[in-house]
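In: predicted structure and sequence below. I'll ask about it afterward.
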Amino acid sequence: MRFYLDEDLSDQIAIIARSLGLDVLSSHECGRDGLDDEGQLLAAAEDGRCLVARNRADFVAWTVRFFERESPHSGVLLLPESLPPDRFVAIARALVEYDRGRPEGLSPYTIDCQRR
């Protein structure tokens, strides 16, 4: 599975996750900081990447809009509140665990929650 970290997640997570064998990019590394949620979701989809984020309500609403408009979408993985954004290694390991459990990836317009 290919992941794209929303702007509210550190690029350190991407660096650690790559060292663990994942295909992960962050908005920071791609120069996409400052894009709104719609722009981040579209950027992830255009790259064929599952968007990883923390702000549930925003991305649930955007996923519905993308579905209605038939806009590109490569899935959204929401991180739990129990996994603070500054726990870089824990988040990277959670992504590895998630990836191992879903070798087929996420279907378009799917929203899933990482259990931790």
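Out: All right, it came through fine.
In: ok, the spatially most central residue of the chain - contacts?
Out: The residue lying closest to the centre of the chain (CA atoms, centre = their mean) is V52, at 1.6 Å. Applying CB atoms under 8 Å, 6 or more residues apart in numbering to V52 gives the contacts F3, Y4, L5, D6, L9, V76, L77, L79, L95. For every residue, glycine as well, the C-beta is placed using N, CA and C.
In: quick one: low-confidence ranges for the chain?
Out: Across the chain, the ranges flagged by pLDDT under 70 are 116.
In: show me which positions of the helix or strand hosting V24 end up buried.
Out: Element membership of V24, judged by DSSP states H and E, is strand 23-26. Along strand 23-26, these residues count as buried under the neighbour rule (16 or more other CB atoms under 10 Å): V24, L25, S26.
In: coming back round to it: give me the three-state assignment for the residue nearest to the centre of the chain.
Out: Per DSSP: H, G, I helix; E, B strand; the rest coil, the secondary structure class of V52 is strand.
In: just the buried residues of strand 23-26 now: which is nearest V89?
Out: The shortest approach to V89 among the buried residues of strand 23-26 belongs to V24, at 13.4 Å (CB to CB).
In: how near is the closest one to D37?
Out: Applying CB to CB, to the nearest Å, the value for V24 to D37 is 19 Å.
In: okay, now L9: neighbour count?
Out: 20 (other CB atoms under 10 Å).
In: same check, this time on E38
Out: Quick note: E38 (other CB under 10 Å) scores 15 neighbours.
In: what are the boundaries of the strands in this protein?
Out: All strands of the chain, identified by DSSP state E, fall at 2-5, 23-26, 50-53, 76-78, 111-113.
In: CSV please, covering these and showing distance to F66.
Out: CSV is the format used below for the strands of the chain (distance: least, CB to CB, whole Å):
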stretch, distance to F66
strand 2-5, 15
strand 23-26, 20
strand 50-53, 11
strand 76-78, 10
strand 111-113, 11
